[in-house]
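Asker: Got a sequence here, can you model it:
(chains A and B)
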Number of protein chains: 2
Amino acid sequence: MGRARVAVAPRATDELTGAVVAGGGELVDATDADAIVWTDPAHPEALTELLTTSSATWIQLPFAGIEKFVAAGTIDDAHTWTCAKGIYGPSTAEHALALLLAAARRLNVHIRSATWLGRPGRGAPERRLGASTVAIVGGGGIGSSLIEMLRPLRTEVIVVNRSGDPVPGAARTVKVDSLVEVLGLADFVAIAAAATPETHRMFNATRFEAMKDDAWLINVARGSLVDTNGLVDALRAGTIGGAALDVTDPEPLPDGHPLFELANAIITPHVANTWDMALPVLAGLVERNVAAFGRGDPLEGLVDPALGY
Amino acid sequence: MGRARVAVAPRATDELTGAVVAGGGELVDATDADAIVWTDPAHPEALTELLTTSSATWIQLPFAGIEKFVAAGTIDDAHTWTCAKGIYGPSTAEHALALLLAAARRLNVHIRSATWLGRPGRGAPERRLGASTVAIVGGGGIGSSLIEMLRPLRTEVIVVNRSGDPVPGAARTVKVDSLVEVLGLADFVAIAAAATPETHRMFNATRFEAMKDDAWLINVARGSLVDTNGLVDALRAGTIGGAALDVTDPEPLPDGHPLFELANAIITPHVANTWDMALPVLAGLVERNVAAFGRGDPLEGLVDPALGY
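Answerer: Here you go, the predicted structure:
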């Protein structure tokens, strides 16, 4: 079709308008657009509204997790939808690595301590992540980046995914049916799967019971994959060793929530992939997709409405 | 010489006596020994005393940093000395990576916060270590392990060493004369050098002034490389962004020390390479060295008394 007419809405940042132009697109208002690069991950209803007055046939969403847009009914069959799945793997996996190492090296204890807690000799509780087994639930972009980052540490990695198809770099890949068996082997369990009806509260009392009592749960995916009340109970009872969460349910976590008080919990406020980290990577995707759209080629990050991601 | 007669003292742990036997050695008392595997890193004077009644010609020290044994005059020309330099690189570098990521992802702030500090949009202060420049001071075992661990994150690494000889995996290697220039480029400065008269208080007010005002100092080597009072001043004044220290001067850090109170400091109590992490690695070295000693081959980890490591 040649030159794509593209709107960047609701906020036209320089990085994204620049990417449209670099991809050979022409910047237009949404009404006249062939495509919309949507920049607001929080308000699907505003996009639904915009589409009623737009000629656009392709919509680019800015984030990897689009469950809000699915739940709001914004994602429809009348348009082609792409999201940023996969491309934020490196930044999100880097945050998962930070949380894994913080748990292994007990930064939750040391950062809060106003006294020197070292002791010579045997029995110190700090662990080497490299001498541990990490189970990664979800074999997408975050999981494969995390595997790459764990390789020089010599960590043993077990991946749990839907298909059971081997993931490169993992010592083993198992189907999600075998989750409970794997939970019994892992020193650390990292959640890196999409939020779908299938994964909703996948981590509940039964799953915590299956984990080692000194294992840590790491979540950089979505809060809805964890039953928060069940987790608080498990942390209080010592059913598991601890939890390090960048995403929570509810999110944001309200003041006074037990997860802010527990000594064996680490909370970071959904900063694994901040907008500043995401924007340069998203701009690259927009440039590639605008160019592909102009040529009539397949787009990257196509959403499967049936799967919800 | 055939079978080496080896004493493990003052504490004969199963791992180390097993390593002597696996290396073909015979376990004997220190008096009758050809070699002593010394297990106590804190008491050089006890070793000096033991040597007055021992026939041993080779002494294996258990740790990489032997400055206490140099200062006490225990290291002499009458014996062959080996230490564990190099072999603890992976565990110590893993701790350095934990501290680097904690600093980049602001775990010092989030772990201490009882409220959700996330905010949508631009300007979040968390950083990607992979989009940063890390200067590593010291190109030995810790440094080369850390370079390997940073590679999948795509971090730019500049190594500062005595020779300036290029270190594999570093974007640049510069001589220590150019330290100040490199400090102006680094987002994170990781100290991984031996404690020697040359490196004593290498990081002082002048060096902090040369660093970026949002840069973090990481120390997993020895506390004596940092002027602690100068560091406290720099942290209070915002001359640098923060400090994450596994080793301190004085060590242990006394209760009430400002480094325990400062929001931009992370203290861990010398746990980068705990005795539990070290012992299996040390046992491997002891086995190899006992075997080499028995064959009359060169030993690994030979101490150069002139250099002090």
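
Asker: Count the residues that sit near residue A:308.
Answerer: By other C-beta atoms under 10 Å in any protein chain shown, 19 other residues sit near residue A:308. Every C-beta, even on glycine, is put in place using the N, C-alpha and C of the backbone.

Asker: Go ahead and confirm it touches residue A:67.
Answerer: Yes. Contact criterion C-beta atoms under 8 Å: residue A:308 and residue A:67 qualify, at 6.3 Å.

Asker: Give me the local confidence score for the spatially closest residue to residue A:142 that is not a sequence neighbour.
Answerer: Taking C-beta to C-beta, 6 or more residues apart in numbering or on different chains as the measure, residue A:142 lies nearest to residue A:192, with 3.9 Å between them; neighbours along the chain are not counted. Residue A:192 is assigned a pLDDT of 97 by the prediction.

Asker: How much space separates residue A:192 from chain B?
Answerer: If you measure residue A:192 against chain B using C-beta to the nearest C-beta, to the nearest Å, the figure is 16 Å.

Asker: Check residue A:252 too.
Answerer: If you go by C-beta to the nearest C-beta, the gap between residue A:252 and chain B works out to 4 Å.

Asker: end to end, how far does stretch A:82-93 reach?
Answerer: The first and last residues of stretch A:82-93 sit 22 Å apart, counting by C-alpha to C-alpha, to the nearest Å.

Asker: wait, doesn't residue A:287 sit right on residue A:22?
Answerer: Yes. Because the distance of 4.7 Å satisfies C-beta under 8 Å, residue A:287 is recorded as touching residue A:22.

Asker: Which one's more surrounded, these two?
Answerer: Neighbours per residue, other C-beta under 10 Å: of residue A:287 and residue A:22, the larger number sits with residue A:287, 19 against 15.

Asker: Next one, pLDDT for that one please.
Answerer: According to the predicted model, the pLDDT of residue A:287 comes to 98.

Asker: Which parts of the stretch 201-309 of chain A are helices?
Answerer: Secondary structure of the stretch 201-309 of chain A by DSSP state H, counting those that start in this stretch: the helices cover A:205-210, A:228-237, A:258-261, A:275-295.

Asker: isn't residue A:13 right next to residue A:278, touching?
Answerer: No. Under the contact definition of C-beta under 8 Å, residue A:13 does not touch residue A:278, with a separation of 11.2 Å.

Asker: Single out the residue in the stretch 151-300 of chain A that lies closest to chain B.
Answerer: residue A:269 (2.9 Å; C-beta to the nearest C-beta).

Asker: Not counting residues beside it along the chain, what's closest to that residue?
Answerer: Take residue A:269 and drop its neighbours on the chain: the residue closest to it by C-beta to C-beta, 6+ apart is residue B:118, 2.9 Å away.

Asker: host element of that neighbour?
Answerer: In this structure, residue B:118 is located outside every helix and strand according to DSSP states H and E.

Asker: Enumerate every residue touching it.
Answerer: Contact analysis of residue B:118 by C-beta atoms under 8 Å, 6 or more residues apart in numbering or on different chains lists A:252, A:269, A:270, A:271, B:124.

Asker: what pLDDT does residue A:119 get?
Answerer: Looking at residue A:119, its pLDDT stands at 81.

Asker: Over to residue A:1?
Answerer: In the predicted model, residue A:1 carries a pLDDT score of 58.

Asker: With residue A:17 instead?
Answerer: At residue A:17, the model reports a pLDDT of 97.

Asker: My guess is it contacts residue A:27. True?
Answerer: Yes. In this structure residue A:17 lies within contact range of residue A:27 using C-beta under 8 Å: 5.8 Å.

Asker: so what sits against both of the two?
Answerer: residue A:8.

Asker: which residues are contacting stretch A:22-29?
Answerer: When contacts are taken as C-beta under 8 Å, 6+ apart, the neighbours of stretch A:22-29 outside the stretch itself are A:3-8, A:12, A:17, A:20-21, A:35, A:286-291, A:293-294.

Asker: which residues in chain A form strands?
Answerer: Per DSSP state E, chain A has strands spanning A:5-9, A:26-27, A:35-38, A:58-60, A:80-82, A:133-137, A:156-161, A:172-175, A:188-191, A:216-219, A:242-245, A:265-267. These are given in chain order.

Asker: Is the residue of the stretch 151-300 of chain A closest to chain B in contact with residue B:111, as I believe?
Answerer: No. Here residue A:269 does not reach residue B:111: they are 11.8 Å apart, not a contact under C-beta under 8 Å.

Asker: Return the residues of the stretch 51-200 of chain A in contact with chain B.
Answerer: Taking C-beta under 8 Å from any C-beta of the partner chain as the test, the list of the stretch 51-200 of chain A residues beside chain B reads A:90-91, A:94-95, A:97-98, A:101-102, A:104-108, A:110-118, A:120-124, A:126, A:128-131, A:145, A:148-149, A:151-154.

Asker: Can you turn the buried part of those residues into a ChimeraX selection?
Answerer: To isolate the buried members of those in ChimeraX, using 16 or more other C-beta atoms under 10 Å in any protein chain shown:
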select /A:90,91,94,95,97,98,101,102,104,105,106,107,108,110,111,116,117,118,124,126,128,129,130,131,145,148,149,152,153
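
Asker: From residue B:217, how far out is the closest residue in space to residue A:180 that isn't next to it in sequence?
Answerer: Of all residues not flanking residue A:180 in the chain, residue A:210 sits nearest, at 4.5 Å (C-beta to C-beta, 6+ apart). If you measure residue A:210 against residue B:217 using C-beta to C-beta, to the nearest Å, the figure is 42 Å.
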